[in-house]
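S.K.: sequence plus predicted model, see below.
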Amino acid sequence: MAIKQISIFVENKPGRLAKITSLLAENSVDIRALSIADTTDYGILRLIVSDPEKAEKVLKEAKMTVSITHVLGIGIPDVPGGFSVAIKTLADAGISVEYAYAFITPDAGKAYVIIRVEDNDAAKKALKDANITVIEQDEIFI
Amino acid sequence: MENYFNKEIETAPREYIKAKQSARLIKMVHNAYNNVEFYKNKFDEIGLSPSDIKSIDDISKLPFTVKQDLRDTYPFGMFAVPKEELVRVHASSGTTGKQTVVGYTQKDIDIWSECASRSLSAASCTKSDYVQVSYGYGLFTGGLGLHYGVETLGATVIPASSGNTKRQIQILQDFGINILACTPSYAMFIGETIKEMGIDPKTLPLRAGIFGAEAWSENMRKEIEKSLNIKAYDIYGLSEIAGPGVAYECSEQSGMHICEDYFYPEIIDPETLQPLPDGSYGELVFTCIGKEALPLVRYRTRDIAKLTREKCSCGRTLIKMSKPRGRSDDMLVIRGVNVFPSQVEHVIIELGMQPNYQIIVERKNNMDMMTVCIEMSSEMFSDSVRKIEETERKIEMAVQSTLSVSAKIHLVEPQSLPRSEGKAVRVIDKREI
């Protein structure tokens, strides 16, 4: 099982992010993590939310381009080198990371990193073999 | 002293021109009827026999020809001569990826070259001048049309083609060019680059310029004349009729003399298709009375202009047309290239995308810039920037190869493009010409 990320196409013009976030708020969808990939003309907003299916539905109803992407979540100790070990493991297994973003959990001393790779199963196996925690959807919202 | 290439014709009395036109029309109508199936069918349909055409005054009895007819008979269906008689073929982009193909016999090339020579002479060109042709060479008629005109006149042609502006300027300086031929927007750009390079245009031997293939204003003329220290002349043409040289400006610079001994002009109301009197604006129609390979009958150019037979101070008696002031269809001219919105639509559909698009044309630094806004759809979307950029590049390349002009692709949110009364607004032309 991977984590479901909501990806949204956002044109670079004022008020777009406000519209998306208020739609989610009105529908009681909680945002746990986000990242924005930006280009000159547009951005891709990536969200980890409490109810991805609901988020997809309300955004689609608002005529937005939305997709659900399966990404991997890794739990790493919040100490120097924590992320480095995980990333090196993937590099050694020949897995390249398209993008990544991190967020902190309510648990003290732990950080989560979302990564996007081509082959989730291969990445998951490599990480597990190296004793790195791979988290599931339901572990993010506790 | 006015400079003529063919004074006998260019200053001929009206009756003389009319007699020539009548004789040529009669010959041409027979050629079209006997050798082009399309015209035979069209004449038969309305019960018209070529022998019903006895003089140029009978021209309004003839049926019209439109661009679609050339597409329907693509590529060579409208040619009236066997293959061995053809010496050249040019083409311009069409609406659905299909090009408009035109062919020439040696005589057709000679006529066209003569018309280009007349245009050059009217712009003061003589045998002792160096002429730099900075129109694109190739399927587009601009480059080769002027090129043969210069050679026929006996002046010296420098076939620079378009692009590489610094090198163009170096040639202007080092070769001592007297006359420049290119699109007006490119002339503006050369003028600006000369200024940026700190070159005083007064130090150049450049004296005149012949600019056409796109719309330009009197303000642009003043700007070009100042920045290049020249006299700027307009030239008109379209490949279906011949190419550049169908009509040209003289020293009076108040409209273009039409080579009406070869290309007979009419102005019609584009709605009722009825001929309009001199002085009224309407759609310009040409009949290629002198041509062998492509004897187009009453071809609708879609350009809106007016005709005048008033006496011209240059001494020419050939009828004059105004600068076209618009189109009766949705064709855009971008950097001299004809673009139809439906071509862009075709490209998008071919790529399996929804044709929700809008074309924005602007003029930045005197260069036409085309942007195609396309609404993002779930099929095109990805969470990865790299993949979306690949899609953009794919569209860019397809547009470039179909239209022969580059466009920037701008992806926008679904249903964000303006629609007026449910109908999409396909083109926003912000150019102030």
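M.R.: That came in fine, so what should we check first? Residues are numbered from 1 along each chain as shown, chains lettered A, B, ... in the order given.

S.K.: show me what contacts residue 40?
M.R.: If you meant another chain, say so; for now it's chain A. Taking CB atoms under 8 Å, 6 or more residues apart in numbering or on different chains as the criterion, A:Thr40 is in contact with A:Asn12. Heads up, the C-betas are built off the backbone N, CA and C, glycines and all.

S.K.: please refer instead to chain B.
M.R.: Contacts of B:Lys40 by CB under 8 Å, 6+ apart are B:33-34.

S.K.: how far away is it from chain A?
M.R.: As judged by CB to the nearest CB, to the nearest Å, B:Lys40 and chain A stand 54 Å apart.

S.K.: kindly report the same for B:Pro295.
M.R.: Look at B:Pro295 and chain A: by CB to the nearest CB, they are 49 Å apart.

S.K.: can I assume that residue is in contact with B:His30?
M.R.: No. If you go by CB atoms under 8 Å, B:Pro295 and B:His30 don't touch, sitting 9.4 Å apart.

S.K.: measure whichever residue of chain A sits closest to chain B to B:His410 for me?
M.R.: Relative to chain B, the nearest point of chain A is A:Ser7 (3.6 Å; CB to the nearest CB). According to CB to CB, to the nearest Å, A:Ser7 and B:His410 sit 20 Å apart.

S.K.: neighbour-wise, which of the two wins?
M.R.: A count of neighbours by other CB atoms under 10 Å in any protein chain shown puts A:Ser7 above the other of A:Ser7 and B:His410, at 21 against 17.

S.K.: now the closest residue to that one other than its chain neighbours: which helix or strand?
M.R.: The shortest distance from A:Ser7 to any non-neighbouring residue, by CB to CB, 6 or more residues apart in numbering or on different chains, is to B:Asp383 (3.6 Å). Element membership for B:Asp383 (DSSP states H and E) is empty, with no helix or strand holding it.

S.K.: count of neighbours near B:Asp383?
M.R.: By other CB under 10 Å, 23 other residues sit near B:Asp383.

S.K.: isn't it right up against A:Gly43?
M.R.: No. Using CB under 8 Å, B:Asp383 makes no contact with A:Gly43, being 11.6 Å away.

S.K.: packing partners of the helix or strand of chain A with the lowest mean pLDDT?
M.R.: Of all helical and strand segments in chain A, the minimum by mean pLDDT, DSSP states H and E falls on helix A:137-140, at a mean of 80. In this structure, helix A:137-140 makes packing contacts with strand A:3-11, judged by 3 or more CB pairs under 8 Å, 6 or more residues apart in numbering or on different chains; DSSP states H and E.

S.K.: check which element follows the strand it packs on along the chain.
M.R.: Next along the chain after strand A:3-11, taking DSSP H and E as the criterion, comes helix A:16-26.

S.K.: got a list of what residue 125 touches?
M.R.: All of this refers to chain A. Contacts for A:Lys125 (CB under 8 Å, 6+ apart) come out as none.

S.K.: that's the wrong chain, I wanted chain B
M.R.: Listed by CB under 8 Å, 6+ apart, the contact partners of B:Cys125 are B:3, B:131, B:150, B:153, B:155, B:178-179, B:208.

S.K.: sorry, back to before: so the residue of chain A closest to chain B sits against A:Val66, correct?
M.R.: Yes. Between A:Ser7 and A:Val66 there is a contact at 7.0 Å, judged by CB under 8 Å.
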